[in-house]
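Chemist: Test case, fold it:
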Amino acid sequence: MANKGDMLLTDYRPRSELVVERTQVTGPKFPVIDAHAHFGPLTLGPNYAERFDTKAEVEKLKALGVRYITNLEVIWGEALDKVLDKIRPYDDFILTSGSVDVSRLDDPGFPEHVEETLKSFKRKGIRGIKLWKDISLNMKDKAGNYIPIDDVRLKPIWDWAAELDLPIIIHIADPVAFFKPIDQYNERWEELQRNPDWSFYKPGLFTFEELMEQQENMLAQNPDTTFIIAHGGSYSENLGYVAKCLDKYPNMYIDTAARLAEFGRQPYTARKFFTKYQDRILFGTDCSPGWYEHLRYYEFFETWNEYFDYSSSEVPGQGRWKIYGIGLDDEALEKIYYKNAARLLKLEV
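Modeler: Numbers count the residues shown, from 1 in each chain. Now for the predicted structure:
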């Protein structure tokens, strides 16, 4: 154990002495559609099929008040079929979204690949398309350039998604701190120390500001395509910016996945935001089998609880702060919990 006055930040485990009332939450007030989760290789790796029992996971989720949950995977073809096999016979509860092979972007047959892939999704009952941040932050085209998300070569995806009425769930940027120097001023310093490959402060990569400009171009240039911008619209640290985008682009929706820490540390701003944009927000957690934080989301949305943990980890992964509830009314809760997702994904609740 470290000596007094000689302790590493990573060893610091402060215990709050604050005494306030706390409403216990054991389930949601209304049914929930979790519009952002993962049951395949994207987060669980290639051996995902061995890492969970589908029946057991479904029972756990139903006990948490979940009516449907979406499985967002960046796969297509046989790989997608394997995931669908894994979740049977619960594919009426776990709804899988597939993707397209963007590595074929420069191939002459890319538009045909997009058409064929998305039409196959409709035949298989798939209700959405998942696109990931690796398009702009990892992949390169044949010329060796990173691919901006507003690249004209991606237009077949947006056009066919609109034609087939398939919403696109897209992850474009990570927390803004991941795009800044990993120094004493970075509020995600501990997280980036544990995961240095999560940093995008590197020469040649798009900046956060460039990604936001590309995101807006994509929304503006494809008004008939429904985009669900994951993780609080890419910029949950700045809900004023997200609000302006929602005002400008009626085809834009957002989800709440993995941003409870951000929403909950700005309760006054968040309550105004969630109330005003209650028709444009989808509930999501970013959970995978064995990891669930649904109850904390319910506590955030439904109560006025003060200064509580947003994570079950001893040292919260996204920052050393607590969060506060925003006590939404029933109308807003129903829309965010399930009505908005049911409308976009054509689900019965």
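Chemist: that's a strand at residue 70, yeah?
Modeler: Yes. Judged by DSSP: H, G, I helix; E, B strand; the rest coil, residue 70 forms part of a strand.
Chemist: from memory it sits against residue 344, does it?
Modeler: No. In this structure, residue 70 is not within contact of residue 344 by CB atoms under 8 Å, at 10.6 Å. In this view, the C-beta of every residue, glycine as well, is placed from N, C-alpha and C.
Chemist: quick one, which of those two is more surrounded?
Modeler: Set side by side, residue 70 and residue 344 show more neighbours around residue 70, with 27 against 20, by other CB atoms under 10 Å.
Chemist: roughly how far apart are the more buried one and residue 311?
Modeler: Separation of residue 70 from residue 311 (CB to CB, to the nearest Å) stands at 22 Å.
Chemist: And for residue 264?
Modeler: 10 Å.
Chemist: Can you report how many residues neighbour the closest residue to residue 16 other than its chain neighbours?
Modeler: Sequence neighbours aside, residue 307 is the residue nearest to residue 16 in space, at 6.8 Å (criterion: CB to CB, 6 or more residues apart in numbering). Look at residue 307: counted by other CB under 10 Å, it has 14 neighbours.
Chemist: Please apply the same query to residue 291.
Modeler: Residue 291, neighbours per other CB under 10 Å, totals 12.
Chemist: where exactly do the strands run in the protein?
Modeler: Shown for the chain, the strands assigned by DSSP state E span residues 32-37, 66-72, 94-97, 129-131, 168-170, 227-229, 252-255, 281-282.
Chemist: packing partners for the shortest one?
Modeler: If I follow you right, that is strand 281-282. Packing partners of strand 281-282 (3 or more CB pairs under 8 Å, 6 or more residues apart in numbering; DSSP states H and E): strand 32-37, strand 252-255, helix 340-345.
Chemist: any chance of these in a markdown table, with mean pLDDT and distance to residue 184 too?
Modeler: Output for the helices and strands packed on strand 281-282, formatted as a markdown table (pLDDT from 0 to 100; distance: least, CB to CB, whole Å):
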| stretch | mean pLDDT | distance to residue 184 |
| --- | --- | --- |
| strand 32-37 | 98 | 33 |
| strand 252-255 | 99 | 31 |
| helix 340-345 | 98 | 40 |
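Chemist: May I see those organised as a markdown table, with distance to residue 239 added?
Modeler: Formatted as a markdown table, these follow (distance: least, CB to CB, whole Å):
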| stretch | distance to residue 239 |
| --- | --- |
| strand 32-37 | 18 |
| strand 252-255 | 10 |
| helix 340-345 | 17 |
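Chemist: buried ones in stretch 244-255?
Modeler: Neighbour counts over stretch 244-255 (16 or more other CB atoms under 10 Å) mark 245, 246, 249, 251, 252, 253, 254, 255 as buried.
Chemist: how long is it end to end?
Modeler: Stretch 244-255 has an end-to-end distance of 16 Å (criterion: CA to CA, to the nearest Å).
Chemist: which residues touch the lowest-mean-pLDDT helix or strand in the chain?
Modeler: Lowest by mean pLDDT, DSSP states H and E among the helices and strands of the chain is helix 189-194, with a mean of 94. Applying CB atoms under 8 Å, 6 or more residues apart in numbering, the contact partners of helix 189-194 are 9-10, 177-178, 182-183, 186, 198-199, 315, 317-320.
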